[in-house]
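Student: build the 3D model from these lines:
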Amino acid sequence: MDSITLDVICRLAFNMHNTDVHNEDSLFRKMVVDFMRQTSDPILRIIGYFPFLKKFLSILFHLFGNANLLKTISKKLDNEISKYYMEKLKNNQHQKHDDRKINILDFMIEQQQLGNLNELQLIGNSLVILLAGYETTSTSLTFTFYLLAKHIEWQNKLREEILKNFNNSDDYCQFDQYRSELLDRIWFESLRLYPPVISFITRRLDTGVDKCYINSLDLNITKEMTIMVPTWPIHHDEEYWPQPNQFDPNRNDLPIPGGNVMEKNPAFLAFGNGPRNCIGSNLALSESRAVLVALIKHYRFELIDDQKSEKFTSIDPNSGLLKLSCPNVIIRPEKDIWLRVTKI
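Tutor: Purely as a prediction, here's the structure:
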């Protein structure tokens, strides 16, 4: 999944159409993957909990953390942005009134020209979009395929519907536009059960508000405080989700596109909530639809049930869920997920 989602974000966000991320020895993909998997430094987590220590701890991260990998990735992005910017200037000499914005980079370059972003901020925002946009969707798709392999009846239902609509077609351009309530229910229930980002949703008081008293907690929130929303506990709380550890795409309160269930149950926080929710949620949904349809149509996914095998999936005996780790802000399986894949 790493190569698919990295390729998509490179193309759509940065106009990078000639990457080698699908090659096994791709240096760029290795750098990005290594950064996300090695960045388990507690320094980053402490910065999130104690913002006032940011300057001091940032120095430690650059000295002892994963800063070198980050610098290399940033340099790669800087080169690609500079190349794209020069090509854009050259093309605009022949197209005087071309205001089209083809990708996210176009918008950020425009903001830089308007003085709203400096060069360092442009590179920083690009880096966040690249790393967050690829890793979260890749992780979510991995969990979804695992759940479909575990609950084969849902996989069969989905395949039956896909074949009914795409039986004689492999037009992948249609796949990302394919809207099926069944597919969306499976995807959003997977996000509820295994929300990829569990410690990154933070909020502060509105500008101009100095203090807010929460009566039920007998607690004063001040403007110096940052509130972190506990996504995982909320997603697995019986008060909001009956039988929370069960995979049930038929749940009533899933935020299926076209409905207004988010107003009924704000306890779904895979993309955050409110006006500052995830800017990439629509892209993630479109991407997941395309990948799920394309693969489920042609392949059957099954669990490896040999408990003696190194590829056997680790399960928590208490919850029945996968054993997980969270080295930074994104969860991942404690052991790699291996599935038996059979071409249909």
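
Student: what's the weakest-modelled helix or strand in this structure?
Tutor: helix 54-64 (a mean of 47; mean pLDDT, DSSP states H and E).

Student: so what's Glu334 closest to, chain neighbours aside?
Tutor: Closest residue in space to Glu334, ignoring its immediate chain neighbours: Lys323 at 4.0 Å, by CB to CB, 6 or more residues apart in numbering. In short, each C-beta sits where N, CA and C put it, glycine included.

Student: neighbours of that neighbour, how many?
Tutor: Using other CB atoms under 10 Å, Lys323 has 13 neighbouring residues.

Student: what residue ranges in the stretch 151-300 of the chain score low on pLDDT?
Tutor: 167-178, 200-202, 259-264 (pLDDT under 70).

Student: which residue ranges of it form strands?
Tutor: Counting by DSSP state E, counting those that start in this stretch, the stretch 151-300 of the chain has strands at residues 202-203, 211-214, 219-222, 227-228, 299-303.

Student: now the helices for the stretch 51-200 of the chain?
Tutor: Remark: helices assigned in the stretch 51-200 of the chain by DSSP state H, counting those that start in this stretch are 54-64, 67-92, 104-113, 119-150, 152-166, 172-175, 181-193.

Student: flag every buried residue along the third one.
Tutor: Just to be clear, that refers to helix 104-113. Under the neighbour-count criterion of 16 or more other CB atoms under 10 Å, helix 104-113 has Ile104, Leu105, Asp106, Met108, Ile109, Gln112 buried.

Student: contacts only, for the closest residue to the fourth one other than its chain neighbours.
Tutor: Same thing as Met108. Excluding the flanking residues, the one nearest Met108 by CB to CB, 6+ apart is Leu122, at 5.3 Å. Counting by CB atoms under 8 Å, 6 or more residues apart in numbering, Leu122 touches Ile81, Met108, Ile109, Gln111, Gln112.

Student: could you do Ile198 as well?
Tutor: Each residue near Ile198 by CB under 8 Å, 6+ apart is listed here: Pro230, Thr231, Trp232, Cys326, Val329, Ile330, Ile331.

Student: and Val341, that one's in a strand?
Tutor: Yes. Residue state for Val341 (DSSP: H, G, I helix; E, B strand; the rest coil) corresponds to a strand.

Student: okay, and the beta partners of the closest residue to it other than its chain neighbours?
Tutor: Among residues not flanking Val341 along the chain, Tyr299 sits closest, at 5.3 Å (CB to CB, 6+ apart). As for beta bridges, Tyr299 partners with Lys343 under DSSP bridges.

Student: need the contact list for Tyr299.
Tutor: Contacts of Tyr299 (CB under 8 Å, 6+ apart): Val341, Thr342, Lys343, Ile344.

Student: the residue nearest to Tyr194 when sequence neighbours are not counted and Trp338, how far apart?
Tutor: Leaving aside its chain neighbours, Tyr194 sits nearest to Phe143 (4.1 Å; criterion: CB to CB, 6+ apart). Separation of Phe143 from Trp338 (CB to CB, to the nearest Å): 14 Å.

Student: with Ser126 instead?
Tutor: Using CB to CB, we find Ser126 at a distance of 33 Å from Trp338.

Student: more neighbours: the two, which one.
Tutor: Ranked by neighbour count (other CB under 10 Å), Ser126 and Trp338 place Ser126 first, with 21 against 14.

Student: count of neighbours near Asn125?
Tutor: 15.

Student: revised request: answer the last question for Ser286.
Tutor: Look at Ser286: counted by other CB under 10 Å, it has 17 neighbours.

Student: Thr142 too?
Tutor: When counting by other CB under 10 Å, one arrives at 21 neighbours for Thr142.

Student: make 37 the starting number, not 1.
Tutor: From this message on, residue numbering opens at 37, which makes the last subject Thr178.

Student: give me the pLDDT for it.
Tutor: Thr178 carries a pLDDT value of 93.

Student: I figured it hits Ile373, correct?
Tutor: Yes. Using CB atoms under 8 Å, Thr178 makes contact with Ile373 at a distance of 5.9 Å.

Student: what about Ser235, distance to Asn281?
Tutor: 20 Å.

Student: cool, Leu163 as well?
Tutor: As judged by CB to CB, Leu163 and Asn281 stand 35 Å apart.

Student: the more surrounded of the two?
Tutor: A count of neighbours by other CB under 10 Å puts Leu163 above the other of Leu163 and Asn281, at 17 against 13.

Student: any idea how far Ser322 is from that one?
Tutor: For Leu163, the distance to Ser322 - CB to CB - is 23 Å.

Student: likewise for Ile234?
Tutor: Taking CB to CB, one finds Ile234 at 23 Å from Ser322.
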